[in-house]
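Peer 1: Sharing a model prediction with you, sequence too.
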Amino acid sequence: MRSPKPVPPPPRFDTTPGKPLSRGARIAISAFIVFHLFGILTWCVPSDTPLTVSLRSIAAPYVLWAGLFQKWDMFSPDPPKLNGYVTAEITYADGHTSVWSFPRMDQLGLFDKYTKERYRKFANENLRLDAFAPLWPDAARYIARLNKGQPSNPPVSVALVRHWSFVQPPSRDGSPENGPWNHFKFFQYPVKPGDLL
(Lines give C-alpha, C1' and ligand atoms only; values in the text may rest on other atoms or scores of the structure.)
Protein backbone atom coordinates (compact mmCIF):
# COMPACT_ATOMS: atom_id res chain seq x y z
CA MET A 1 0.00 0.00 0.00
CA ARG A 2 1.36 3.39 -1.05
CA SER A 3 1.54 6.15 1.43
CA PRO A 4 -0.65 9.14 0.56
CA LYS A 5 1.02 12.10 -1.04
CA PRO A 6 1.57 14.93 1.34
CA VAL A 7 -0.92 17.75 0.92
CA PRO A 8 0.87 20.99 0.09
CA PRO A 9 0.20 23.85 2.45
CA PRO A 10 -2.20 26.52 1.22
CA PRO A 11 -0.55 29.42 -0.56
CA ARG A 12 0.45 32.28 1.67
CA PHE A 13 -0.54 35.74 0.67
CA ASP A 14 1.75 38.58 1.34
CA THR A 15 -0.06 40.78 3.83
CA THR A 16 2.74 43.22 4.36
CA PRO A 17 1.67 46.71 3.39
CA GLY A 18 2.86 47.82 -0.06
CA LYS A 19 4.64 50.98 -0.89
CA PRO A 20 2.25 53.90 -0.29
CA LEU A 21 1.27 56.07 -3.23
CA SER A 22 3.16 59.25 -3.66
CA ARG A 23 1.52 62.52 -2.75
CA GLY A 24 1.30 63.46 -6.44
CA ALA A 25 -0.45 60.17 -7.32
CA ARG A 26 -3.00 60.65 -4.52
CA ILE A 27 -3.70 64.20 -5.67
CA ALA A 28 -4.11 63.02 -9.30
CA ILE A 29 -6.53 60.23 -8.30
CA SER A 30 -8.54 62.58 -6.08
CA ALA A 31 -8.69 65.19 -8.85
CA PHE A 32 -9.94 62.58 -11.30
CA ILE A 33 -12.68 61.42 -8.89
CA VAL A 34 -13.77 65.00 -8.23
CA PHE A 35 -13.88 65.83 -11.97
CA HIS A 36 -15.74 62.57 -12.69
CA LEU A 37 -18.41 63.42 -10.09
CA PHE A 38 -18.54 67.01 -11.36
CA GLY A 39 -19.19 65.76 -14.90
CA ILE A 40 -21.94 63.35 -13.90
CA LEU A 41 -23.68 65.84 -11.61
CA THR A 42 -23.63 68.74 -14.05
CA TRP A 43 -24.89 66.51 -16.84
CA CYS A 44 -27.75 65.07 -14.76
CA VAL A 45 -29.08 68.30 -13.26
CA PRO A 46 -32.55 68.64 -14.82
CA SER A 47 -32.37 72.35 -15.58
CA ASP A 48 -30.88 74.38 -18.37
CA THR A 49 -29.89 77.58 -16.63
CA PRO A 50 -26.95 79.52 -18.11
CA LEU A 51 -24.77 78.25 -15.25
CA THR A 52 -25.56 74.55 -15.79
CA VAL A 53 -25.16 74.90 -19.55
CA SER A 54 -21.70 76.46 -19.13
CA LEU A 55 -20.69 73.80 -16.58
CA ARG A 56 -21.87 71.05 -18.94
CA SER A 57 -19.74 72.49 -21.74
CA ILE A 58 -16.68 72.03 -19.52
CA ALA A 59 -17.51 68.40 -18.75
CA ALA A 60 -18.96 67.51 -22.18
CA PRO A 61 -15.82 66.14 -23.89
CA TYR A 62 -15.14 63.70 -21.05
CA VAL A 63 -18.79 62.74 -20.40
CA LEU A 64 -19.51 62.07 -24.08
CA TRP A 65 -16.24 60.18 -24.59
CA ALA A 66 -16.86 57.97 -21.52
CA GLY A 67 -20.53 57.36 -22.42
CA LEU A 68 -21.73 58.78 -19.10
CA PHE A 69 -24.29 61.19 -20.58
CA GLN A 70 -27.76 60.78 -19.08
CA LYS A 71 -30.35 63.44 -18.53
CA TRP A 72 -33.09 62.97 -15.99
CA ASP A 73 -35.46 65.45 -17.60
CA MET A 74 -38.01 62.66 -18.00
CA PHE A 75 -38.89 63.04 -14.32
CA SER A 76 -38.47 66.60 -13.19
CA PRO A 77 -39.09 69.53 -13.13
CA ASP A 78 -40.86 69.58 -16.50
CA PRO A 79 -41.18 66.08 -18.00
CA PRO A 80 -41.64 65.71 -21.76
CA LYS A 81 -45.23 65.99 -22.93
CA LEU A 82 -44.68 64.45 -26.35
CA ASN A 83 -45.36 60.81 -27.13
CA GLY A 84 -43.72 59.96 -30.42
CA TYR A 85 -42.20 57.34 -32.65
CA VAL A 86 -40.74 57.01 -36.15
CA THR A 87 -41.82 54.69 -38.95
CA ALA A 88 -40.67 54.16 -42.52
CA GLU A 89 -42.86 53.72 -45.58
CA ILE A 90 -41.05 51.42 -47.98
CA THR A 91 -42.07 51.39 -51.64
CA TYR A 92 -41.02 48.38 -53.73
CA ALA A 93 -40.34 48.10 -57.47
CA ASP A 94 -43.76 46.58 -58.13
CA GLY A 95 -45.46 49.57 -56.46
CA HIS A 96 -46.65 47.95 -53.24
CA THR A 97 -45.71 49.54 -49.91
CA SER A 98 -45.04 48.36 -46.40
CA VAL A 99 -44.54 50.12 -43.08
CA TRP A 100 -41.52 49.44 -40.88
CA SER A 101 -41.09 50.78 -37.36
CA PHE A 102 -38.24 51.06 -34.91
CA PRO A 103 -38.93 48.96 -31.80
CA ARG A 104 -41.59 50.66 -29.67
CA MET A 105 -41.45 50.13 -25.93
CA ASP A 106 -45.23 49.91 -25.53
CA GLN A 107 -45.26 46.91 -27.90
CA LEU A 108 -42.37 44.92 -26.40
CA GLY A 109 -42.04 42.44 -23.57
CA LEU A 110 -39.99 43.16 -20.46
CA PHE A 111 -36.74 41.57 -21.73
CA ASP A 112 -36.94 43.24 -25.14
CA LYS A 113 -37.51 46.63 -23.52
CA TYR A 114 -34.08 46.38 -21.93
CA THR A 115 -32.28 45.15 -25.04
CA LYS A 116 -33.95 47.47 -27.59
CA GLU A 117 -34.24 50.73 -25.67
CA ARG A 118 -31.30 52.17 -27.59
CA TYR A 119 -33.35 52.03 -30.81
CA ARG A 120 -36.10 54.10 -29.22
CA LYS A 121 -33.59 56.64 -27.97
CA PHE A 122 -31.96 56.82 -31.39
CA ALA A 123 -35.26 57.33 -33.22
CA ASN A 124 -37.04 59.60 -30.72
CA GLU A 125 -34.19 61.70 -29.41
CA ASN A 126 -32.11 61.97 -32.58
CA LEU A 127 -33.54 60.77 -35.88
CA ARG A 128 -36.91 62.50 -35.42
CA LEU A 129 -35.38 65.95 -34.96
CA ASP A 130 -34.50 68.31 -37.82
CA ALA A 131 -31.19 69.11 -36.09
CA PHE A 132 -30.07 65.55 -36.91
CA ALA A 133 -30.97 65.63 -40.63
CA PRO A 134 -27.49 64.29 -41.62
CA LEU A 135 -28.56 60.94 -40.08
CA TRP A 136 -31.61 60.56 -42.32
CA PRO A 137 -29.98 59.12 -45.49
CA ASP A 138 -28.02 56.51 -43.49
CA ALA A 139 -31.14 55.51 -41.55
CA ALA A 140 -33.11 55.15 -44.81
CA ARG A 141 -30.36 52.99 -46.35
CA TYR A 142 -30.28 50.80 -43.22
CA ILE A 143 -34.05 50.33 -43.36
CA ALA A 144 -33.88 49.51 -47.09
CA ARG A 145 -31.25 46.82 -46.42
CA LEU A 146 -33.37 45.31 -43.64
CA ASN A 147 -36.36 45.13 -45.98
CA LYS A 148 -34.73 44.28 -49.31
CA GLY A 149 -37.14 41.41 -49.94
CA GLN A 150 -36.81 39.50 -53.23
CA PRO A 151 -34.04 40.44 -55.67
CA SER A 152 -36.71 40.82 -58.37
CA ASN A 153 -38.66 43.31 -56.24
CA PRO A 154 -36.23 45.52 -54.29
CA PRO A 155 -37.22 48.64 -52.36
CA VAL A 156 -37.00 51.76 -54.51
CA SER A 157 -37.93 54.39 -51.94
CA VAL A 158 -37.90 54.85 -48.17
CA ALA A 159 -39.86 57.68 -46.51
CA LEU A 160 -39.30 58.49 -42.84
CA VAL A 161 -42.44 59.49 -40.95
CA ARG A 162 -42.64 61.02 -37.49
CA HIS A 163 -45.75 60.33 -35.42
CA TRP A 164 -46.58 62.31 -32.30
CA SER A 165 -49.27 63.01 -29.77
CA PHE A 166 -49.21 65.42 -26.85
CA VAL A 167 -49.77 63.81 -23.47
CA GLN A 168 -52.91 65.26 -21.92
CA PRO A 169 -53.48 65.75 -18.19
CA PRO A 170 -55.62 63.01 -16.64
CA SER A 171 -59.37 63.51 -16.53
CA ARG A 172 -61.16 64.40 -13.30
CA ASP A 173 -61.71 60.75 -12.43
CA GLY A 174 -57.97 60.02 -12.93
CA SER A 175 -58.29 58.06 -16.16
CA PRO A 176 -55.73 58.91 -18.87
CA GLU A 177 -56.72 61.22 -21.68
CA ASN A 178 -55.41 60.41 -25.14
CA GLY A 179 -54.58 63.28 -27.47
CA PRO A 180 -54.96 63.03 -31.25
CA TRP A 181 -52.11 61.46 -33.20
CA ASN A 182 -50.37 63.47 -35.91
CA HIS A 183 -47.91 62.33 -38.55
CA PHE A 184 -45.58 64.00 -40.99
CA LYS A 185 -43.40 62.53 -43.74
CA PHE A 186 -40.13 64.34 -43.11
CA PHE A 187 -37.67 62.62 -45.45
CA GLN A 188 -37.87 60.71 -48.75
CA TYR A 189 -34.91 58.68 -49.97
CA PRO A 190 -34.64 57.10 -53.44
CA VAL A 191 -32.91 53.75 -52.90
CA LYS A 192 -29.98 52.99 -55.21
CA PRO A 193 -28.93 49.41 -56.06
CA GLY A 194 -25.64 49.85 -54.18
CA ASP A 195 -27.53 50.73 -50.99
CA LEU A 196 -28.80 47.15 -50.67
CA LEU A 197 -25.37 45.49 -50.59
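Peer 2: Everything's here; your move.

Peer 1: Ala140 reaches Leu160, doesn't it?
Peer 2: Yes - here Ala140 reaches Leu160: they are 6.4 Å apart, a contact under C-beta atoms under 8 Å. Just so you know, the C-beta spots here come from the backbone N, C-alpha and C atoms, and that holds for glycine as well.

Peer 1: so what's in contact with the two at the same time?
Peer 2: Ala88, Phe187, Tyr189 (C-beta atoms under 8 Å, 6 or more residues apart in numbering).

Peer 1: so who does Ile90 touch?
Peer 2: Thr97, Ser98, Val99, Trp100, Ile143, Ala144, Asn147, Pro155, Ser157, Val158.

Peer 1: same thing with Asn182?
Peer 2: Contacts of Asn182 (C-beta under 8 Å, 6+ apart): His163, Trp164, Ser165.

Peer 1: after the helix ranked longest in the chain, next one along is what?
Peer 2: The residue-count maximum for a helix in the chain (DSSP state H) belongs to helix 23-44. Following helix 23-44 in sequence order, the next helix or strand is helix 50-66 (DSSP states H and E).

Peer 1: before we move on, what SS does Ser152 have?
Peer 2: Using DSSP: H, G, I helix; E, B strand; the rest coil, the structure places Ser152 in coil.

Peer 1: Might you list the low-confidence residue ranges for the chain?
Peer 2: 1-3, 13-15, 71-78 (pLDDT under 70).

Peer 1: Cool, thanks, talk later.
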